[in-house]
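In: 3D model of this:
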Amino acid sequence: MLAFDNSYVTLPTSLWRRQRPTPIQNAKLLTLNAALATELELDIAWWHSPEALAGLAGDGVWPGADPVAMKYAGHQFGGWNPDLGDGRGVLLGEIISPQGQRLDLHLKGSGPTPFSRQGDGRAVLRSSIREYLAGEALHALGVPSTRALAIVSSTHPVRRERMETAATLLRVTPCHIRFGHFEWLFHSNQHNDLRDLADYCIERYYPEAKAQSKPYMGLLEGIIKRTAKLMADWQCQGFAHGVMNTDNFSIAGETLDFGPYGFLEQYDPYLICNHSDHNGRYAWYLQPSVGLWNLNALAQSFTALLSIPEIELALAQYEPQLVKHYDQCMNAKLGLGAVQDGDRDLVAGWLALLQRAKQDYPQRFRWLSEHDIADLSTDDWGVQAAEVQQWLQRYQQRVEKQKAVDYSEPERQAAMQAVNPCYVLRNYLAQQVIEAAEQGDAKPLELLTQALQSPFTRRSELEHFDAAAPEWASCLSISCSS
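Out: Predicted coordinates:
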């Protein structure tokens, strides 16, 4: 059983509506995230019970839960939309983890809500599996992200581009409050409610701001710093979100709302992973600037709480924080330790080589980590071999500086292997497990999940997950439909 202690419903009703889930047909527990359940000290046996399945399938509400659909707004592809909210999910309530952390349980695919905008309120099995896998992959890579505890499949028909089946996903995260919550209250002139929301966020997510002379300044600065770190993490790990609307941005600096995402395979900074993004607004290389654009949209809402100079001072912290974290992260991926003069050029040179030679982003970093520098061969780099050799000479000189502070070659390799994954969530791998799950076979999903949860350690039974995409899957197109 779960012990609920719900605080979101203490906020003004301008931010939520009570909404019971509606059931899906012939529900079946497809997979349970045993690693997350163990981490939260949940009774795994209970999650396989009829009572647990009923709550996951929307066929009842667990004792203590108080399901609500959240109301927010947002900028979608740069355009303002006030008519947003939880259109296919409900916040069931909040539980307290063994570590004392308050966690939201959100049931996605739970049916229509007041904010469905004539939609069916359902999620499909395909998108539910992709969200489940992405959360585990990012979490294991050290990137803040929402996660999922369980997926329930069904025979409930749902039409998207084709006929599919409905599913529900139980999302677990400390925070479901989006930039769009603040935007909604500001642009609808509900400024007293906005102040209540800010106080709530300080109390729950940024308690350190209470000690500052200007707590709302501390709140905005905290959101900016966490967002800057998240954008740097995405760039270092080669993650493309695909739909960076402000209603998809968490004020806690976590990756939220997985749609047409992708992880860089062949290094292409101009990657557009969403086939609906016709103008490339959310291309991978633009993500840091979009993060700042979204923060500016959020900051406009804070003009009800702070002066313009205060807001400008807070926003000015974004770029230095992002660059600092990015430099540190990329140095770690190259085994270079503390950032020194010239390191940024070395990193840029490496990425330029990957782009010109059309190399696989994660595989080439892993290649650097699994060989002595002196033994690295450029035979398979094609016409770029001479350039690669020149770069390797610069790299070796930089590593020698690191060795001068008691840093051996085995230590370099071990440090790099601890941050450069051998198993990456490639779109073709996700597609294969989706197709198996649609036929009722969850074993491929469970095996891929194991690989993504421990991505840095090679295991013989998982080696097939280390392969680059076959030709048929090199350009998989992903849509926003769920």
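In: separation between the nearest residue to N248 once chain neighbours are set aside and R117?
Out: Closest residue to N248 apart from its sequence neighbours, by CB to CB, 6 or more residues apart in numbering: D257 at 4.1 Å. Where you see a C-beta, it was placed from the backbone N, CA and C, and this is true even at glycine. According to CB to CB, to the nearest Å, D257 and R117 sit 16 Å apart.
In: same check on Q355?
Out: From Q355 to R117 the distance is 40 Å (CB to CB).
In: who has more neighbours out of these two?
Out: It is Q355, of Q355 and R117, that has more neighbours when counted by other CB atoms under 10 Å, with 15 against 12.
In: secondary structure class for that one?
Out: helix (DSSP: H, G, I helix; E, B strand; the rest coil).
In: could you measure from it over to V433?
Out: With CB to CB as the criterion, Q355 and V433 are 30 Å apart.
In: for D406, same thing?
Out: 44 Å.
In: higher neighbour count, these two?
Out: V433 (23 against 7).
In: hang on, the more buried one packs against L448?
Out: Yes. If you go by CB atoms under 8 Å, V433 and L448 touch, sitting 5.3 Å apart.
In: tell me, what's touching those two both at once?
Out: L133 (CB atoms under 8 Å, 6 or more residues apart in numbering).
In: how many other residues sit next to D257?
Out: Applying other CB under 10 Å, we find 21 residues neighbouring D257.
In: skip the chain neighbours and tell me the closest residue to F182.
Out: Closest residue in space to F182, ignoring its immediate chain neighbours: S301 at 4.0 Å, by CB to CB, 6+ apart.
In: tally of neighbours for the one you found?
Out: Counted with other CB under 10 Å, S301 comes out at 24.
In: so how far is Q19 from A134?
Out: A134 is 26 Å from Q19, by CB to CB.
In: could you do R117 as well?
Out: Distance from R117 to Q19, counting by CB to CB: 14 Å.
In: same deal with Q190?
Out: 20 Å.
In: the two - which one has more neighbours?
Out: Q19 (22 against 17).
In: got the CA positions of the lengthiest helix in the chain in CSV?
Out: The longest helix of the chain (DSSP state H) is helix 215-237. Extracted in CSV, the C-alpha atoms of helix 215-237 (Å, rounded to 0.1, in the frame of the first residue of the first chain):
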residue,chain,number,x,y,z
PRO,A,215,13.2,34.9,-1.6
TYR,A,216,11.6,35.3,-5.0
MET,A,217,14.9,36.4,-6.4
GLY,A,218,16.4,33.2,-4.9
LEU,A,219,13.7,31.1,-6.5
LEU,A,220,14.2,32.5,-10.0
GLU,A,221,18.0,32.2,-9.7
GLY,A,222,17.6,28.6,-8.6
ILE,A,223,15.4,27.7,-11.6
ILE,A,224,17.9,29.5,-13.9
LYS,A,225,20.9,27.6,-12.5
ARG,A,226,19.2,24.2,-12.6
THR,A,227,18.0,24.8,-16.2
ALA,A,228,21.5,25.9,-17.3
LYS,A,229,22.9,22.7,-15.9
LEU,A,230,20.2,20.6,-17.5
MET,A,231,20.9,22.1,-20.9
ALA,A,232,24.6,21.4,-20.5
ASP,A,233,23.8,17.8,-19.5
TRP,A,234,21.7,17.4,-22.6
GLN,A,235,24.5,18.7,-24.9
CYS,A,236,27.2,16.6,-23.3
GLN,A,237,25.2,13.4,-23.4
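In: after it, next one along is what?
Out: Sequence-wise, the next helix or strand downstream of helix 215-237 (DSSP states H and E) is strand 239-240.
In: distance from that next one to the middle of the chain?
Out: 9 Å (CA atoms, centre = their mean, to the nearest Å).
In: whichever helix or strand comes after that strand pairs with which strands?
Out: Using DSSP H and E, the helix or strand that directly follows strand 239-240 along the chain is strand 262-263. Sheet pairing of strand 262-263 (DSSP bridges) gives strand 239-240 (antiparallel).
In: which parts of this structure are strands?
Out: When assigned using DSSP state E, the strands of the chain occupy the ranges 16-18, 28-32, 68-76, 79-85, 89-96, 102-108, 123-124, 147-159, 163-173, 239-240, 262-263.
In: pLDDT weak spots in the stretch 151-300 of the chain?
Out: The stretch 151-300 of the chain contains no residues with pLDDT under 70.
In: now do G238 against L141, distance only.
Out: G238 is 10 Å from L141, by CB to CB.
In: beta-bridge partners for the residue nearest the centre of the chain, please?
Out: When CA atoms, centre = their mean is applied to the chain, the residue found nearest the centroid is T255 (3.0 Å). Here T255 sits in beta bridges with S145, F249, going by DSSP bridges.
In: report the contact partners of it.
Out: A134, G135, L138, V143, P144, S145, T146, L230, W234, F239, H241.
In: spit out the contact partners of the first one.
Out: Taking CB under 8 Å, 6+ apart as the contact definition, A134 lies against S145, T255, F258, Y261, L425.
In: ok, those residues vs S460, which is closest?
Out: Nearest to S460 out of the contacts of A134 is L425 (CB to CB; 20.2 Å).
In: what about the closest one, neighbour count?
Out: By other CB under 10 Å, 24 other residues sit near L425.
In: repeat that for Q389.
Out: 13.
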